[in-house]
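Q: Quick one: sequence and predicted model below, then my questions.
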Amino acid sequence: MNHWLVKSEPFKYSWDDFVKEGKSVWDGVRNYQARNNLMAMKKGDWVYFYHSNEGLEVVGLAEVSKEHYPDPTTDDPRWVVVELIPIRKFNKTVTLKQMKSDDRLGNLALLKQSRLSVTPVDKPEFDIIMSLTE
């Protein structure tokens, strides 16, 4: 199993919107590295849902429910989507400030490549972030 982080601006699409819908097609990605990350996602992978611009925090856990297929929002065959389902909202979110101040997360892709909307999270980093939600 792999682990990931996806970013969404909550005023455009929040965790609560995601939960209300019960699933989401993660579309609109137009960066090759983020696209490659979508293509690497496998059904059952866990995904942190991160509110960007407002909040700046990991707010919940999702799961990949369908692997990549062509993005229906464009005719350009280079772009793909995955489908995600919500697993749970965290009672205690993990802020960007917390992650930046934790030396164990120094190589976290979110911190190293902050403009990417889809990033991998290695297992030790995933476990550290999860422990901060408890």
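A: Here it is on my side, so go on. Please read all numbers here as calculations on a predicted model, not as lab measurements. Numbers count the residues shown, from 1 in each chain.
Q: Paired strands for the host helix or strand of residue 66, with orientation please.
A: Applying DSSP states H and E as the criterion places residue 66 in strand 57-70. As defined by DSSP bridges, the strand partners of strand 57-70 come to strand 46-51 (antiparallel), strand 80-95 (antiparallel).
Q: what about it, distance to the chain center?
A: Chain-centre distance of strand 57-70: 6 Å, with Cα atoms, centre = their mean, to the nearest Å.
Q: Now it: buried residues?
A: Residues of strand 57-70 classed as buried by neighbour count (16 or more other Cβ atoms under 10 Å): 57-64, 67-68. The way it works is simple: take the backbone N, C-alpha and C, and place the C-beta from them, glycine included.
Q: Run a quick neighbour tally on residue 124.
A: 11 (other Cβ atoms under 10 Å).
Q: quick one: the residue located most distally from the centre of the chain and residue 67, what's the gap?
A: Distance from the centre of the chain peaks at residue 75, with 24.3 Å (Cα atoms, centre = their mean). Noted for residue 75: a distance of 21 Å to residue 67, by Cβ to Cβ, to the nearest Å.
Q: picking up where we left off before, among the strands paired with strand 57-70, which is the most enclosed?
A: With neighbours taken as mean count of other Cβ atoms under 10 Å, these reach their highest mean count in strand 46-51, at a mean of 23.
Q: contacts for it?
A: 1, 3-10, 14-15, 18, 41, 57-64, 84, 86-87, 110, 121, 126, 129 (Cβ atoms under 8 Å, 6 or more residues apart in numbering).
Q: As a check, name the ranges of all strands in the protein.
A: 3-8, 24-26, 46-51, 57-70, 80-95, 118-120 (DSSP state E).
Q: Would you reformat those strands as a markdown table and include distance to residue 34 and mean pLDDT?
A: Shown next, in a markdown table, are the strands of the chain (distance: least, Cβ to Cβ, whole Å; pLDDT from 0 to 100):
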| stretch | distance to residue 34 | mean pLDDT |
| --- | --- | --- |
| strand 3-8 | 9 | 98 |
| strand 24-26 | 10 | 97 |
| strand 46-51 | 13 | 98 |
| strand 57-70 | 12 | 98 |
| strand 80-95 | 10 | 98 |
| strand 118-120 | 4 | 98 |
